[in-house]
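Student: Could you look at this predicted model? Sequence included:
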Amino acid sequence: MTDSTAVSLRLAFDETRTRVTLRASDEHRQDLIQLAARFRTGGQLDPSSASVALDELLANLSLLSGWPDHSGVEWAPELRDLVASVVQDANTVKSRLAGAKAHAEVAPDQVPSLLGDNWQAELSEFQRRDIAKLLSLQHGANFSVPGAGKTRVGLAVYAAQKAQGRVSRLLVVCPKSAYESWRYETAVCLTHALRTHVLDGSMDQWAEVLIVNYERLDRSLTRLAGWLKAAPSMIILDEAHRMKLGARGTYGAACMALGPLATRRMILTGTPAPNGSKDLENLLGFVWPGHGQRAVVQAVAGGDLAYASSVLRPLFTRTTKAELGLPPMQLRMRYVDMPPLHKEIYESLVGGMREGTARDDLSSLGKTALRLLMAATSPALLLEGATRYEPLAYQLPPLEIPQGSSLYSLMQNLPDYELSPKYKEAVAIVAENAAQGRKTLVWTTFVRSLTTLEKMLEKYGPAVVYGGTVDRDEQLRRFREDPSCMVLVSNPATLGEGISLHHVCHDAVYVDRDFMAGRFLQSLDRIHRLGLAPDTDTRVTVLAARNTVDQVVEVRLDQKLEFMGRILDDPTVQQLADLEEEPAVAAGLAPSDIEALLRHVGSR
């Protein structure tokens, strides 16, 4: 620390901790103006102070070497520690890429001795390998597939850091569906269970592990920041793809604001790049501000994903499906043909959308995508019911189509005339599985679709879980334990992460899918996880209406899974393409999704 009278430049976080404020002494005002101008995000606040984005400052630290008074530069302690840890990890990665063993590299066989006397849980060989790699860096990213035990790995890294006196409390940010896993692991992994508290309004100031969901982050920032600063802390973002929008999203901005306050940062997700490299930039940018984002940009710039994977590999650890030794999963695409009235309504809807879909209106495009996905399942979903949960009232057998009906009345009366072929197929699959004593997990995006299936599958004692379900735990308990409950109906947005169903269910049916590759990949792994018997037959069927938006979704998901598999050097993810947050305003559409959607609408 320099003497206060000799300080010519002070650097500190602003209140968002996503930017750095630079304050110069009076005699160095002109030097500050010239320095700020060298940063693309630099801006003058007043004659003596300027502001620069944290990422850019850390990516271009060399620009500070031009400051005329090196000995007069003072860093705020939080910022100084952040810079030091990021630079240290960057040097470690550089050494690994050069083939040299980095300083303080941890070996897998050292891990048990580093976890402290309180640790008692068993660790697999690949978990010890992942922990060793994560402990060799100041911060870390674990991209192991769902079911590989990322929760336990994250907790072990915390235990090792605590044993060394570097941290004393842990903040876990995760979806609500992951609460169960974190409560379980904090209780069983250690001889003395850690004091754990879920932030649900009240605050346990004495909790060692504080758990909060992404939805609550933004309105709890002040309390969480105070908790992190009160003692050396570690922060883990579980299912970190929820903040893949980075500072542009509500979840991401909150995470970026909290990250610098933690002594150690870690992200856990099996799907780090669901829409491409930008997602990966934002995730690694949280872990290593400046360096992480730049590393991804430089790695993928040439378009060689094999090279990009080799360059990025030192930054993360990943256990693959192949390493888990799981029996293969059978994935089948089943196309259905829309009956005449259904097809007529779908074609009319597409025709009407063709004129009103603006390329640059993301909100409009998102609604168009959702409406087409609904229409491919059943156009009647587009009409408002008495409540948003009201099931469609199907009456069979089909009747003759009345002459002279308007499109609206056709849609309104469609359930009276034609059963959705997707619903029909889903019911048939559930019935066949139930006859064999096999339980089925049915996925559908839309709540009215979900409640409709609940009604149609009534004889199989369905459990139902969606955002509005009050007794979620009871519904899951019934599906797991009640032999008369042969089917669980849910949507990936609610149940696609954080829970395990592989001990009781080996069949899944997708009535529909959206453009979100990460959500699809996560939901697949609810029934295909570590712990399956070698002879388990896991079967997944994806339903698609022929010549509809379903086929656009199929192509786009294939492309996204292919990219993710190559960037992670994981052939299993690439094979899924052969099958064939935070809430997004455009229904999960990436720019290339929009192009594909517009081609579909414009070609009819």
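Tutor: Yep, that arrived.
Student: residue ranges for the strands of the stretch 1-150 of the chain, please.
Tutor: 9-13, 19-24, 43-46, 49-53, 73-75, 140-142 (DSSP state E, counting those that start in this stretch).
Student: who touches stretch 81-101?
Tutor: Outside stretch 81-101, the residues that touch it by CB atoms under 8 Å, 6 or more residues apart in numbering are 58, 61, 75, 102-103, 105, 136-139, 260, 263, 288-291, 295, 311, 314-315. In this view, the C-beta of every residue, glycine as well, is placed from N, C-alpha and C.
Student: re earlier: of all the strands of the stretch 1-150 of the chain, which one comes closest to residue 380?
Tutor: Ranking these by proximity to residue 380 (CB to CB) places strand 140-142 first, at 43.6 Å.
Student: Which helix or strand lies directly C-terminal to that closest one?
Tutor: Per DSSP states H and E, strand 140-142 leads on to helix 150-163 as the next helix or strand towards the C-terminus.
Student: Show me where this structure dips below the pLDDT cut-off.
Tutor: Within the chain, the ranges that satisfy pLDDT under 70 run 1-5, 99-103, 353-364, 384-418, 574-604.
Student: Can you tell me which of the contacts of stretch 81-101 are buried?
Tutor: Buried members of the contacts of stretch 81-101, scored by 16 or more other CB atoms under 10 Å, are 58, 75, 102, 105, 136-139, 260, 263, 288-291, 295, 311, 314-315.
Student: can you point me to the longest helix in the protein?
Tutor: With secondary structure taken from DSSP state H, the chain has its longest helix at helix 77-97.
Student: Run the chain-centre distance for it.
Tutor: 25 Å (CA atoms, centre = their mean, to the nearest Å).
Student: Check which residues of it are buried.
Tutor: Buried residues in helix 77-97, counted by 16+ other CB under 10 Å: 79, 82, 83, 85, 86, 87, 88, 89, 90, 92, 93, 96.
Student: Taking those residues together, which two end up most distant?
Tutor: Within the buried residues of helix 77-97 (distances taken as CB to CB), the two that end up farthest apart are 79 and 96, at 26.4 Å.
Student: In space, not sequence, find me the middle residue of this protein.
Tutor: For the chain, residue 241 is the residue whose C-alpha lies nearest the centre (CA atoms, centre = their mean; 2.5 Å).
Student: before we move on, what SS does that one have?
Tutor: On the three-state scheme (DSSP: H, G, I helix; E, B strand; the rest coil), residue 241 is labelled helix.
Student: Surely it and residue 286 touch.
Tutor: No - counting by CB atoms under 8 Å, residue 241 sits too far from residue 286 to count as a contact (11.4 Å).
Student: Mutual contacts of those two, please.
Tutor: By CB under 8 Å, 6+ apart, no residue touches both residue 241 and residue 286.
Student: Now do the contacts for residue 203.
Tutor: 197, 223, 227.
Student: If we use 7 Å, what do you get?
Tutor: Residues counted as contacts of residue 203 (CB atoms under 7 Å, 6 or more residues apart in numbering) are residue 223.
Student: Could you do residue 571 as well?
Tutor: Each residue near residue 571 by CB under 7 Å, 6+ apart is listed here: residue 565.
Student: Apply 8 Å and report the result again.
Tutor: Residue 571 neighbours (CB under 8 Å, 6+ apart): 322, 565.
Student: Then residue 12?
Tutor: Going by CB under 8 Å, 6+ apart, residue 12 touches 20, 21, 23, 75, 76, 78, 79.
Student: can you count the residues close to the closest residue in space to it that isn't next to it in sequence?
Tutor: Leaving aside its sequence neighbours, residue 12 sits nearest to residue 76 (CB to CB, 6 or more residues apart in numbering; 3.6 Å). Burial measure for residue 76: 14 neighbouring residues, criterion other CB atoms under 10 Å.
Student: List the residues that contact the residue nearest to residue 49 when sequence neighbours are not counted.
Tutor: Ranked by CB to CB, 6+ apart and with sequence neighbours excluded, the top spatial neighbour of residue 49 is residue 23, at 4.6 Å. By CB under 8 Å, 6+ apart, the residues touching residue 23 are 9, 10, 12, 48, 49.
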